[in-house]
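> Kindly return the folded structure for what I paste below:
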Amino acid sequence: MYLDPPFNTGRTQERQNLTVTRSPDPDPEDPDDATEAEETRTDATPPALAPASTATPEPVRSPGARLGFHGRSYDCVKGMLYGFDDSFADYWDFLEPRLIEAWRLLDPTGTLYLHLDYREVHYAKVVLDALFGRRSFLNEIVWAYDYGAKSRRRWPAKHDTILVYVKDPLRYRFDSEGVDREPYMAPGLVTPEKRERGKLPTDVWWHTIVSPTGREKTGYATQKPLGVLRRIVQASSRPGDWVLDFFAGSGTTGAAARELGRRFVLVDENPQAVDVMRARLADGGTVFVEPETDPLVR
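So this is what the prediction gives:
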């Protein structure tokens, strides 16, 4: 079970999907393109009398276009703006009942991953210790990244924390052989066989966030990287097992579970999140149900 609840940042979380495609080059044989090129001139000299120049002419750019490498023009199209209010009058009145329900639903051999940041994770540790028992605490995973603005008044906050608890400390699954491995930091100090295989990740995971212009993007404000969820699903479940995420957001947990041959249940109350998941997961036989109308979820 993976839970990625709102972080209680006190502000609205928003992200807009941005699609960038290369603009078509002007066709010199097309009179419309030729006219457009003439209209982009900024001086008053008639085209026929303009002095010869050896400089590379400015490329013709459409409205909203950006100039890239080698003078190439790219069209930028803004898509849907996704967002949600991440501010709570009483955050733990919201989250604690959901953690209790997570414990109730978790299989006796199951594992809970709770993903938060510095604002609330310390309080979460106290609540989960009381709920699961301190012996059921397995790990504190630090997901470190280096992206976005950096404060000059303190050490920039560039990590999230994932608390890992098991239902039964004597019966749980952890498949160290099944997880995606990572390169050695000093590959010259290990054998070629070890270098080829890579090393088991520690409890500090260096992984970039989802780029707003990358292939993995969905446009959802708090989308988590597929690589992080793959590692979680690989370590704590077998093919055919069920994976639950009831703060599903963009559906990355489901995407990782499906890719790895697991079954999954995703829940989110935000209609925008459901729209993103429909677009992302609909081609794989995923069944979507509505709580108000479907007897399966009443």
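
> ranges for the strands of the chain?
2-3, 11-22, 65-67, 73-86, 111-116, 137-144, 159-166, 204-206, 242-245, 263-266 (DSSP state E).

> Confidence-wise, which of the ones you listed is weakest overall?
Least confidently modelled of the strands of the chain is strand 11-22, at a mean of 53 by mean pLDDT.

> Skipping adjacent residues, who's closest to residue 173 in space?
Excluding the flanking residues, the one nearest residue 173 by Cβ to Cβ, 6 or more residues apart in numbering is residue 236, at 5.7 Å. From N, CA and C alone the C-beta is placed, and that goes for glycine too.

> Equivalent analysis for residue 210, please.
Nearest one to residue 210, counting by Cβ to Cβ, 6+ apart, is residue 223 at 4.8 Å.

> and the one you found, what does it touch?
Neighbouring residues of residue 223 by Cβ atoms under 8 Å, 6 or more residues apart in numbering: 15, 210, 216, 217, 249, 250, 252.

> Quick check on the residues you listed: which are buried?
Among those, the ones that count as buried by 16 or more other Cβ atoms under 10 Å are 15, 210, 217, 249, 250, 252.

> in this structure, which helix or strand is least confident?
In the chain, no helix or strand scores lower on mean pLDDT, DSSP states H and E than helix 31-39, which sits at a mean of 45.

> Tell me the buried residues in the helix ranked longest in the chain?
When the chain is parsed with DSSP state H, its longest helix is helix 91-105. For helix 91-105, burial by neighbour count (16+ other Cβ under 10 Å) applies to 91, 95, 96, 99, 102, 103.

> quick one: low-confidence parts of the stretch 151-298 of the chain?
The stretch 151-298 of the chain contains residues with pLDDT under 70 at 292-298.

> so where do the helices sit in it?
Along the stretch 151-298 of the chain, the segments classed as helices by DSSP state H, counting those that start in this stretch run 192-197, 226-236, 252-259, 271-281.

> Would you point out which residue is most central in the chain?
Nearest residue to the geometric centre of the chain (Cα atoms, centre = their mean): residue 224, 2.3 Å.

> Who are the contact partners of that one?
So residue 224 contacts 4, 115, 210, 249, 250, 252 (Cβ under 8 Å, 6+ apart).

> Pipe the residues you listed into JSON lines and attach distance to residue 163 per row.
Converted to JSON lines, the contacts of residue 224 look like this (distance: Cβ to Cβ, whole Å):
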{"residue": "4", "distance to residue 163": "12"}
{"residue": "115", "distance to residue 163": "8"}
{"residue": "210", "distance to residue 163": "22"}
{"residue": "249", "distance to residue 163": "18"}
{"residue": "250", "distance to residue 163": "21"}
{"residue": "252", "distance to residue 163": "18"}
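
> any idea which of those residues is the one closest to residue 165?
residue 115 (12.6 Å; Cβ to Cβ).

> Tell me how many other residues surround that closest one.
24 (other Cβ atoms under 10 Å).

> For it, list each beta-bridge partner.
Beta-bridge partners recorded for residue 115 (DSSP bridges): residue 162.

> where's it relative to residue 283, distance?
Relative to residue 283, residue 115 is positioned 26 Å away (Cβ to Cβ, to the nearest Å).
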